[in-house]
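K.L.:
Sequence and predicted model, in that order:
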Amino acid sequence: MSHSPTRILYCRCAFAQVVPETTKNAVLEGLCQSGLTFECVSDLCEMSARKDSRLKEIVEAGGNVKIAACYPRAVKWLFHQAEAPLPDDGSIEILNMRETGPDEICNALTQET
């Protein structure tokens, strides 16, 4: 039985600008160099405010997802606000670029789940 690869969602935090620019850039560069497929969104906060259907699609697709963004509690709330609550089954890993260094974030993103 084959397992589907972990999906990666990377937030640029374009509007709130609460994640250090150097961290965002280093993580994005690391993802690009990794050769992994990932989705880059400009701002999860803005997507949540618009109730963007892509957030619901991420949840409904199932499987493992790694999200590089902000504080885990904030990311969970953003998905909830967008009517796409994240499951509590361990399939979602939220990596906090506000407090964690880019090397650690990149290692976690590129590690097999």
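P.N.:
Yep, it's here. Numbering: from 1, shown residues only.
K.L.:
need the helices for this structure, in chain order.
P.N.:
21-34, 44-49, 53-60, 72-81, 102-110 (DSSP state H).
K.L.:
List the buried residues for the last one?
P.N.:
Burial within helix 102-110, assessed by neighbour count using 16 or more other Cβ atoms under 10 Å, is assigned to 102, 105, 106, 109, 110. All C-beta atoms are positioned from the backbone trio N, CA, C, and that covers glycine.
K.L.:
mind putting these in JSON lines, pLDDT and distance to residue 63 included?
P.N.:
What follows is the buried residues of helix 102-110, written out as JSON lines (pLDDT from 0 to 100; distance: Cβ to Cβ, whole Å):
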{"residue": "102", "pLDDT": "96", "distance to residue 63": "25"}
{"residue": "105", "pLDDT": "97", "distance to residue 63": "20"}
{"residue": "106", "pLDDT": "96", "distance to residue 63": "21"}
{"residue": "109", "pLDDT": "95", "distance to residue 63": "15"}
{"residue": "110", "pLDDT": "90", "distance to residue 63": "17"}
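K.L.:
Can you add distance to residue 21 and give the residues you listed back as CSV?
P.N.:
Shown next, in CSV, are the buried residues of helix 102-110 (distance: Cβ to Cβ, whole Å):
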residue, distance to residue 21
102, 11
105, 14
106, 16
109, 18
110, 21
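K.L.:
And the furthest pair within those residues?
P.N.:
Taking Cβ to Cβ as the measure, those span a maximum distance of 12.1 Å, between 102 and 110.
K.L.:
Look up the residues that both of those two are in contact with.
P.N.:
Common neighbours of residue 102 and residue 110 (criterion: Cβ atoms under 8 Å, 6 or more residues apart in numbering): residue 30.
K.L.:
hang on, the earlier thing: most tightly packed of the helices of the chain?
P.N.:
Across these, averaging neighbours per residue (mean count of other Cβ atoms under 10 Å) puts helix 44-49 on top, at a mean of 19.
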